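1. coordinates for the following, if possible.
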Amino acid sequence: MQSRSNRDMIGNHKQLNTLKVSVALLSLIAGCAQAPLRPAVDVPDRLRAGADESLAFIVPARGVQIYECRAKKDQAAEYEWAFVAPEAELFDAYGGRIGKHYAGPHWEANDGSKIVGAVKANSPAPAADAIPWLLLSAKSVGPDGAFSKVTSVQRVSTVGGVAPKTGCSQATAGTQARVDYTADYYFFKRQ
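-> Numbering: from 1, shown residues only. Presented below is the predicted three-dimensional model:
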């Protein structure tokens, strides 16, 4: 049989190990709660948020820009790829899915909060084969949550998403093209 002092030492050793594991886990969780720093994107002046707004968070997106082959409005014999809507998933800094982006344009968080945007300004993307950068005003159209206080959105760091250059004709009218894209959405709130 073990003596009482041996049992106490083993018990104290187990408690110490449990405490060490708990401290290590808390340190890991605290470290994960802080998003890694990302370099600021230099945007043209016309895409800057209002002086009374501050950056709330950055949301990477990955999805498609949807286009449809349609007759040109002022030239019925000519056809073009017309923008229909975005369809993308939204992620946190660690790659966890936090919401979606779709027609409207809407951004909807997993908590049900959502905003709808209206384009205020645009600027060509630095890369020729990327959709333009945008500044959009935003208003809440859902319940309170992560996105409900957002007042402006910048779409920056775009890759891809440009309408196809070929394949649209009278024979293909009504067909859709889904073009892959990525972007970072900068969400701003009033101070």
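
2. list the helices and strands the host helix or strand of residue 61 packs on?
-> Residue 61 belongs to strand 53-71 when assigned by DSSP states H and E. Here strand 53-71 touches strand 79-91, strand 97-102, strand 150-160, strand 176-190, going by 3 or more C-beta pairs under 8 Å, 6 or more residues apart in numbering; DSSP states H and E. To be clear about C-beta, it is placed using only N, CA and C from the backbone, and glycine gets the same treatment.

3. the last one pairs with which strands?
-> Right, strand 176-190. When pairs are called by DSSP bridges, strand 176-190 turns out to pair with strand 53-71 (antiparallel), strand 150-160 (antiparallel).

4. out of the ones you listed, which one sits most buried?
-> strand 150-160 (a mean of 21; mean count of other C-beta atoms under 10 Å).

5. what about the residue nearest to residue 173 when sequence neighbours are not counted, distance to residue 177?
-> Excluding the flanking residues, the one nearest residue 173 by C-beta to C-beta, 6 or more residues apart in numbering is residue 69, at 5.3 Å. Using C-beta to C-beta, to the nearest Å, one obtains 8 Å as the distance from residue 69 to residue 177.

6. what's the overlap in contacts for these two?
-> 81, 167 (C-beta atoms under 8 Å, 6 or more residues apart in numbering).

7. skipping adjacent residues, who's closest to residue 47 in space?
-> residue 135 (4.4 Å).

8. now the stretch of helix or strand that neighbour belongs to, how far from the centre of its chain.
-> Residue 135 belongs to strand 133-140 when assigned by DSSP H and E. Its chain's C-alpha centre and that of strand 133-140 lie 13 Å apart, by C-alpha atoms, centre = their mean, to the nearest Å.
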